[in-house]
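Q: The sequence and its predicted three-dimensional model are supplied below.
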Amino acid sequence: FVGDVNAATERWAFAMSAKEKWAPKVRTDVKGIIETGREYDRIYFLTSRPVKAKRCHDVEQELTDKYEIPVTILDREWLIEKTLENKFEDLAFRDLGAGTYEPEKERVGPNDFRRSQELEEIEERIKKMGNEMCDQTQLVSDTYEAARLSRNLERPRFETEGRYYRAINVADNSGSHDQILRAKYEYCWAMFWFLDDVEPMNRMYEEIENTALSSGTAADLSKVGNHLGVMSSHAAQNFETAEHLNIHERRARMADQLKAMSEVTSRPNNALHAETLLVLMRLHDEGIRNDAPALESIWSDLDEIVGRSEGLAEFPVSLIDDIVERISSISPESEALDGLTETLAELMGQREQDGKAGEIYLRRGLEKARNEMPIDAIYWLGKASIRFRKDEYTEEQFNTLYYVAVAYRSAGLLWAARSTCLSALVNA
């Protein structure tokens, strides 16, 4: 059990029971706690019996209303969940005689073994870091990577969450805008998808939104949109209320922000990306309602956007391609979707041709570089870089710009080498 920060300043009372009829017992225990006159701030009741969620909520509400003190009931399922989640099977077996515990029979797969080793190495490196600027820069990356590995290894929540908190704090102090946004975004994403907890996402929504807006890019705001989409689906499935998650106000604000971005014509890639996200917001709503005419309009709008994206190297057309691949089954007879598919296929084919041409230019440039012909290498590598401008070739573009920088250095053009390195880092 991991308490909250209020535990240091509040008085909590605990009652435990193994009785089959837990409801009369909790009422009796809470009444007895109140009659002590000790002014507790919170009361916990633990029972070894399984308790239905609705029944548990009703009794908690009844006692909280009656005594004006928060009452929380934790049942057998909670005990089992926390034992397994926090890997306390050894304590349960040794001290309570529950279940079995044979760690020597546990088998760790190659991926988890590699991740565990990486995590240990990173934690050791973090311990040895100093206060120099280079150390702090590395610390931002290491703390984030430690949190990510902890998540993938399914370590206990308090370990993984603690590592994410550390990554967020370090990024806030020493990280770039992208690193700050990444740490906060990934923390909420991990808590929801790995631990089924939407509250961190709900609690930090505005903070992440403000961080994303400060860059003025649709790519950053799309991360906020991902969180909003997850929370909207969570509410639509009645796991939480739309009011609690503030869905309507947040969606309206998101639409206004994307509309404003889409009207900035001086940044055509960004504007078209924002317009695409607006259409995808409509797709989320109409997909839930399965409104065929509305979906036809959306497919047509996306078809137009794909057509307008030709020549915009940084526009992420793969975003639309992924959406169509995932949900095209909801409109099998749509003529508008047929048109969008054809437009996408033609554009993606053209982009793939650019990628192939870039690979050929890159190969020739590296041959020139290996034969100590830096000026010729710069010419061919520069042609490759032009072909790799598309969003889907980010890694190839980074590598190419690195080779260009090396060629510039070999030719004695140090300032050109420096500016090319900076360009590679910005694109990365």
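A: Yep, it's here.

Q: Show me what counts as buried in stretch 401-408.
A: By neighbour count on 16 or more other Cβ atoms under 10 Å, the buried set for stretch 401-408 is 401, 402, 403, 404, 405, 406, 407, 408. In short, each C-beta sits where N, CA and C put it, glycine included.

Q: Which residues are in contact with the first one?
A: For residue 401, the residues meeting the contact criterion (Cβ atoms under 8 Å, 6 or more residues apart in numbering) are 385, 420, 421, 423, 424, 427.

Q: So which of the residues you listed sit within helices?
A: 385, 420, 421, 423, 424, 427 (DSSP state H).

Q: Wait, the fifth one touches residue 398, no?
A: Yes. Using Cβ atoms under 8 Å, residue 424 is in contact with residue 398, at 5.3 Å.

Q: more crowded one of the two?
A: Taking other Cβ atoms under 10 Å, residue 424 and residue 398 do not tie; residue 424 has more neighbours (19 against 15).

Q: mind listing the strands for this structure?
A: 12-17, 42-47, 71-74 (DSSP state E).

Q: The first one vs strand 42-47, what angle?
A: To tie it back to what came earlier, the one meant is strand 12-17. Interaxial angle of strand 12-17 relative to strand 42-47 (axes from the mean of the first three to the mean of the last three Cα atoms, to 10 degrees): 20 degrees.

Q: Renumber starting at 482 from here on
A: OK, 482 is where the count begins now, so the last one is strand 493-498.

Q: Let me see the residues that make contact with strand 493-498.
A: Identification of contacts with strand 493-498 by Cβ under 8 Å, 6+ apart yields 506-507, 510-511, 514, 519, 521-529.

Q: what stretches of the stretch 682-831 of the chain score poorly on pLDDT?
A: For the stretch 682-831 of the chain, applying pLDDT under 70 flags the ranges 768-770.

Q: hang on, the earlier thing: could you identify the buried members of the ones in helices among the contacts of residue 882?
A: Buried members of the ones in helices among the contacts of residue 882, scored by 16+ other Cβ under 10 Å, are 866, 901, 902, 904, 905.

Q: and the ones in helices among the contacts of residue 882 as a markdown table, adding distance to residue 692?
A: Shown next, in a markdown table, are those (distance: Cβ to Cβ, whole Å):
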| residue | distance to residue 692 |
| --- | --- |
| 866 | 31 |
| 901 | 29 |
| 902 | 27 |
| 904 | 24 |
| 905 | 24 |
| 908 | 21 |
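
Q: Closest one of these to residue 763?
A: residue 908 (31.1 Å; Cβ to Cβ).

Q: Roughly how far does the closest one sit from residue 761?
A: When distance is defined by Cβ to Cβ, to the nearest Å, residue 908 is 25 Å away from residue 761.

Q: and residue 531, how many neighbours?
A: Count around residue 531 with other Cβ under 10 Å applied: 12.

Q: nearest residue to it other than its sequence neighbours?
A: Nearest-residue entry for residue 531: residue 557, 4.9 Å, with adjacent residues in sequence omitted and distances by Cβ to Cβ, 6 or more residues apart in numbering.

Q: so who does the one you found touch?
A: By Cβ under 8 Å, 6+ apart, residue 557 lies in contact with 528, 529, 530, 531, 532.

Q: can you give me phi and psi for the fourth one?
A: Going back to what we said before, that points to residue 531. phi -70, psi 140 (degrees, to the nearest 10).

Q: Same check on the last one?
A: The phi/psi pair for residue 532 (degrees, to the nearest 10) reads phi -130, psi 130.

Q: how far away is it from residue 538?
A: According to Cβ to Cβ, residue 532 stands 10 Å off from residue 538.

Q: So if I had to pick from these two, which one is more boxed in?
A: Counting neighbours by other Cβ under 10 Å for residue 532 and for residue 538 shows that residue 532 has the greater number, 19 against 12.
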